[in-house]
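Asker: quick one: sequence and predicted model below, then my questions.
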Amino acid sequence: MTKYIFITGGVVSSLGKGISASSIGRLLKSRGLNISIQKIDPYINVDAGTMNPYQHGEVFVTEDGAETDLDLGHYERFIDTNLSSYNNVTTGKIYNSVISKERRGDFLGATVQVIPHITDEIKFTIKNITQKTENQIDIVIVEIGGTVGDIESLPFLEAIRQFRNDIGKENVLYVHVTFVPYLEAAKELKSKPTQHSVKELREIGIQPDIVICRSQLKLSEEVKNKISLFCDIKREGIIEAVDVKSIYEIPLVFEEQGLGDLIIKLLNLKCPGSDLQEWKNMVDKIYHPKREVSIGVVGKYISLKDAYISINEALLHGGIDNDCRVKIKRIDSDKVKKDSLKDLFKDLNGILIPGGFGKRGMEGKIETVKYARENKIPFLGICVGMHCAVIEFARNVIKLEKANSTEFDPETPFPVIDLLPEQKKVIVKGGTMRLGAYPCKLEKNSLALKSYQQETVYERHRHRYEFNNLYQEKFLEYGMKFSGINQDLNLVEIIELPNHPWFIGVQFHPEFKSRPNRAHPLFKEFIKAAIAKSVYSI
Ligand code: GLN
């Protein structure tokens, strides 16, 4: 029988519910249990794909090509399991499905209402996860986005309330993540907001079993007892989550307080004790690196850290694998100009251009590539970053003046990056890019093959534009290497440059597949090249 853990949040947003859910997942996985994690987002967008990164941060792409909330990235990284489109539910998806059923006549003349039709659909979607995964799932963790008290999340809370009744008390746990603020004037941690938010949950019929208290400082026994008393939660269920330097330490912080064993006890599960040794070693490496490199990430969404969250994490993973701390310098592509280049890039050991959309900041990215190519700085271009590398090569090496992507200049005389004919017909925006995992065959004697050490790899895509094959010969003639090809579709997936220590552009997003305990090969090799560069430059 699959068991369910529902995670809600109270008091304020951005409490790290996603990290809490992921960390609980890791604790349970370390006990040999099969886990899946689902995120429920109460917004009306059907998926995150149509949202600007400034709204909710990065759009995370799963193996099956779903454009999802960035929390799925945390889930995959913590539980080291590939998730799918079924792991992200939105209000939009639920209503879309109910309205289609209504139009089909499935409700046989009934008045279609939030309760029971929407709540039934929500419960079905939560249960359906177990049908959509290969392995038998022991525990599904469901994170409800938003904050308790929001109007939008009410139907979801009602559905999870009913859930416990439907499948039995012993099969469901409620975990509430709250904030315990420190008031400087009173020099005190305040438990009242937590009490109020638990009260709000109880009003709708949910009594949490566990409360995770985020705070800047450690909670005194007195504060914990108070929360226990007023919220009617056993003292062992009051878990503190004080800010730590690395999110990857959180599972260890929880384990130390007995959270893993408590969940096992409350859900009446039988399983071996936890084995977190590998995880501990990994955290130890994060905290005690032997060296340091500085990597510039040049993009246009740099003011919001979450916009490139998987890139940041993958760089960190590459560092872990090389016993190296990676300092990330976020550089606004709009600010990269010929005369500012040297100043902006002077201390960098490597340069990465992440994915992106639209014209703004493009010329700055192209200047960046030129600098990395000419100054032999390790370079990794991802998706639009690869497009920029192709455009730069066309303009400055092959001398195709005004070469461009038709995304940025539809009238360019040399469209070295262009839409495929099937993409030209697309009008509807949602879910219509080339999405999800595609195979890529690697060429012999390439940096790519040296990095991956395997001939065919599967990487996740999210883009419309591609390298224009009409220019293949010209590029080859001038020395560019096409080291990864999708043979079914005849598409260039990886480019690289000889006569450079490490220069790779990839059409896909390797950052989505990197894990803290298993860095993505390209990130691992990129950081290795950056370390070599830092040694040269001393
Ligand atoms: N804007 C480009 C395209 O649609 C690249 C997208 C990306 O970088 N993810 O092809």
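Answerer: Happy to help now that I have it. Because the structure is a prediction, the values reported are computed rather than measured. Numbering: from 1, shown residues only.
Asker: okay, CA-based contacts and neighbour counts for the rest of this
Answerer: Will do.
Asker: contacting residues around the strand or helix carrying Ile495?
Answerer: Of the helices and strands defined by DSSP states H and E, Ile495 is found in strand 491-496. Under the criterion Cα atoms under 8 Å, 6 or more residues apart in numbering, residues 386, 440, 447-448, 466-467, 469, 480-486, 503-508 lie in contact with strand 491-496.
Asker: could you do stretch 210-226 as well?
Answerer: Residues outside stretch 210-226 that contact it (Cα under 8 Å, 6+ apart) are 15, 174-182, 189-191, 233, 235, 237-243.
Asker: average pLDDT across it?
Answerer: Taken as a whole, stretch 210-226 carries a mean pLDDT of 95.
Asker: flag every buried residue along that stretch.
Answerer: Within stretch 210-226, the residues scored as buried using 16 or more other Cα atoms under 10 Å are 210-215, 219, 223-226.
Asker: and that stretch, how far apart are its ends?
Answerer: Stretch 210-226 has an end-to-end distance of 14 Å (criterion: Cα to Cα, to the nearest Å).
Asker: equivalent analysis for stretch 74-83, please.
Answerer: Note: stretch 74-83 ends 11 Å apart using Cα to Cα.
Asker: tell me the bridge partners for Tyr465.
Answerer: Leu419 (DSSP bridges).
Asker: how about the residue sitting nearest the centre point of the chain, nearest residue that isn't a chain neighbour?
Answerer: Residue closest to the mean C-alpha point of the chain, counted by Cα atoms, centre = their mean, is Gly73 at 2.8 Å. If the residues on either side of it in the chain are set aside, Gly73 comes closest to Phe60, at 6.2 Å by Cα to Cα, 6 or more residues apart in numbering.
Asker: likewise Ile527?
Answerer: Gly318 (5.9 Å).
Asker: ok, that neighbour touching His520?
Answerer: Yes: shown here, Gly318 and His520 form a contact pair, counting by Cα atoms under 8 Å, at 7.0 Å.
Asker: compare those two (neighbour count), which wins?
Answerer: Gly318 (29 against 23; other Cα atoms under 10 Å).
Asker: and the more buried one, which of the three is it?
Answerer: Secondary structure, DSSP: H, G, I helix; E, B strand; the rest coil: Gly318 is helix.
Asker: quick one, what contacts it?
Answerer: The contact partners of Gly318, by Cα under 8 Å, 6+ apart, come to 519-521, 523-527.
Asker: gap between it and the ligand?
Answerer: As judged by Cα to the nearest ligand atom, to the nearest Å, Gly318 and the ligand stand 21 Å apart.
Asker: cool, Lys376 as well?
Answerer: Counting by Cα to the nearest ligand atom - Lys376 and the ligand are separated by 23 Å.
Asker: am I right that that residue falls within a helix?
Answerer: No: assessed with three-state DSSP, Lys376 is coil; it does not lie in a helix.
Asker: who are the contact partners of it?
Answerer: 500-502.
Asker: okay, the residue of the stretch 101-250 of the chain found nearest the ligand: pLDDT?
Answerer: Per Cα to the nearest ligand atom, Gly145 is where the stretch 101-250 of the chain lies closest to the ligand, at 24.9 Å. Looking at Gly145, its pLDDT reads 92.
Asker: does stretch 425-443 reach the ligand?
Answerer: No: Stretch 425-443 stays clear of the ligand (Cα under 6 Å from any ligand atom), getting no nearer than 7.3 Å.
Asker: next SSE after the strand holding Ile495?
Answerer: strand 503-506.
Asker: show me what that next one is packed against.
Answerer: Packed against strand 503-506, as judged by 3 or more Cα pairs under 8 Å, 6 or more residues apart in numbering; DSSP states H and E, are the following elements: strand 379-382, helix 384-396, strand 491-496.
Asker: quick one: residues in contact with whatever helix or strand comes next after it.
Answerer: Using DSSP H and E, the next helix or strand after strand 503-506 towards the C-terminus is helix 521-537. By Cα under 8 Å, 6+ apart, the residues outside helix 521-537 that reach it are 292-293, 295, 314-315, 317-319, 321-322, 349-350, 377-380, 448, 451-452, 501-502, 510-511.
Asker: chain center to helix 521-537: distance?
Answerer: 24 Å (Cα atoms, centre = their mean, to the nearest Å).
Asker: how much space is there between the residue nearest to Gly73 and Ala530?
Answerer: For Phe60, the distance to Ala530 - Cα to Cα - is 26 Å.
Asker: next one: Thr412
Answerer: 35 Å.
Asker: for the two, indicate the residue with more neighbours.
Answerer: Between Thr412 and Ala530, counted using other Cα under 10 Å, the more crowded position is Ala530 (26 against 15).
Asker: mind checking how far that one is from Gly296?
Answerer: Applying Cα to Cα, the value for Ala530 to Gly296 is 11 Å.
Asker: verify the stated contact: Leu420 with Glu466.
Answerer: Yes: with contact defined as Cα under 8 Å, Leu420 counts as touching Glu466 (7.0 Å).
Asker: next up, phi/psi of Arg103, please.
Answerer: Main-chain torsions, Arg103, degrees, to the nearest 10: phi -60, psi -30.
Asker: contacting residues around the residue in the stretch 351-500 of the chain that the ligand sits nearest to?
Answerer: In the stretch 351-500 of the chain, no residue comes nearer to the ligand than Gly355, which is 3.1 Å away by Cα to the nearest ligand atom. Listed by Cα under 8 Å, 6+ apart, the contact set of Gly355 reads 299, 382-385, 509.
Asker: try Pro42
Answerer: Pro42 makes contact with 90-91, 144-146, 152-153 under the criterion Cα under 8 Å, 6+ apart.
Asker: with adjacent residues omitted, what lies nearest to the residue of the stretch 101-250 of the chain closest to the ligand?
Answerer: Asp41 (5.0 Å).
Asker: what's around that neighbour, how many residues?
Answerer: Counted with other Cα under 10 Å, Asp41 comes out at 25.
Asker: per-residue pLDDT, it?
Answerer: 95.
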